[in-house]
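**Q** sequence-free structure coming up:
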């Protein structure tokens, strides 16, 4: 357990996705046990912001790591982890004034894409059926990393882009409900393929007025256990050693 906490803290402190993958590969077998499964999870997510005029869905990639802590009944598990690379927001928003005549003229008639990055932590109860289909439900908490509005326009034959940082206008903490459905390949020991839906309950913007705006996101993910084979082999070897010791003792 101490190793799990140590490596989890280490992973949380690393912002580089490449470093996260490398550390996961190195320490994966240490984090897996008969009662705990650790792995990498990533895919695409399609997000928008409710009650925001003109908001269209945006597509981003997500990547993180997960833990399944098996409960007393092995069909049930506590599913958690951290989605280290996770973006939400909306595209196609109306252009607003930047309090700069040059910029306002350049982006008149264009549009704004809003991107909000979070470190998301899902905490869900997971149930796996005998046919390897699983369902899960719970909550998801988000910690704001950065946020900006990307102004875009075609101006005199050129593609103009301007990023306006809006982090100080966004609530630092996001939270809501999460549900998921998936399937486990290879007889229950391989890759997880699933879909999750997040329904935010905390308003996105500070000082938000009616109608309130909330994050909505649909995830399509694939999860790969890291080091599970080594952990299972080690557990089998330990069990064999214990049995041999008992036989010798008799």
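**A** That came through, no problem. Just so you know, these numbers come straight off a predicted model, no measurement behind them.

**Q** so the most centrally placed residue in the chain bridges to which residues?
**A** Closest to where the C-alpha atoms of the chain average out (C-alpha atoms, centre = their mean) is residue 83, at 3.0 Å. Beta-bridge partners of residue 83, counted by DSSP bridges, are residue 120.

**Q** by contact count, what packs against the strand ranked longest in the chain?
**A** Counting residues, the longest strand found in the chain (DSSP state E) is strand 133-155. Other helices and strands packing on strand 133-155, by 3 or more C-beta pairs under 8 Å, 6 or more residues apart in numbering; DSSP states H and E, are strand 76-93, helix 101-106, strand 111-128, strand 158-165, strand 173-184, strand 192-200. For glycine as for every other residue, the C-beta is placed from the backbone atoms N, C-alpha and C.

**Q** which one of the ones you listed lies closest to residue 138?
**A** Closest approach to residue 138 among those (C-beta to C-beta): strand 111-128, 3.2 Å.

**Q** can you give me the angle the closest one makes with strand 192-200?
**A** Relative orientation of strand 111-128 versus strand 192-200 (axes from the mean of the first three to the mean of the last three C-alpha atoms, to 10 degrees): 120 degrees.

**Q** show me the shaky parts of the protein.
**A** For the chain, applying pLDDT under 70 flags the ranges 1-32, 187-188, 209-210, 227-250.

**Q** how about stretch 105-123: buried residues?
**A** Buried residues in stretch 105-123, defined by neighbour count with 16 or more other C-beta atoms under 10 Å: 106-107, 110-122.

**Q** which of these lies closest to residue 213?
**A** Nearest to residue 213 among the buried residues of stretch 105-123, counting by C-beta to C-beta, is residue 114 at 10.3 Å.

**Q** report the separation between the closest one and residue 46.
**A** Per C-beta to C-beta, to the nearest Å, residue 114 is found 14 Å from residue 46.

**Q** for residue 170, same thing?
**A** Counting by C-beta to C-beta - residue 170 and residue 46 are separated by 20 Å.

**Q** again with residue 214
**A** According to C-beta to C-beta, residue 214 stands 15 Å off from residue 46.

**Q** which one of the two has more residues nearby?
**A** Each of residue 214 and residue 46 has its neighbours counted (other C-beta atoms under 10 Å); residue 214 has more, 20 against 14.

**Q** contacting residues around the spatially closest residue to that one that is not a sequence neighbour?
**A** Taking C-beta to C-beta, 6 or more residues apart in numbering, and ignoring the residues beside it in sequence, residue 214 has residue 200 as its nearest neighbour in space, at 4.1 Å. Contact analysis of residue 200 by C-beta atoms under 8 Å, 6 or more residues apart in numbering lists 50, 174, 175, 176, 214, 215, 216, 217.
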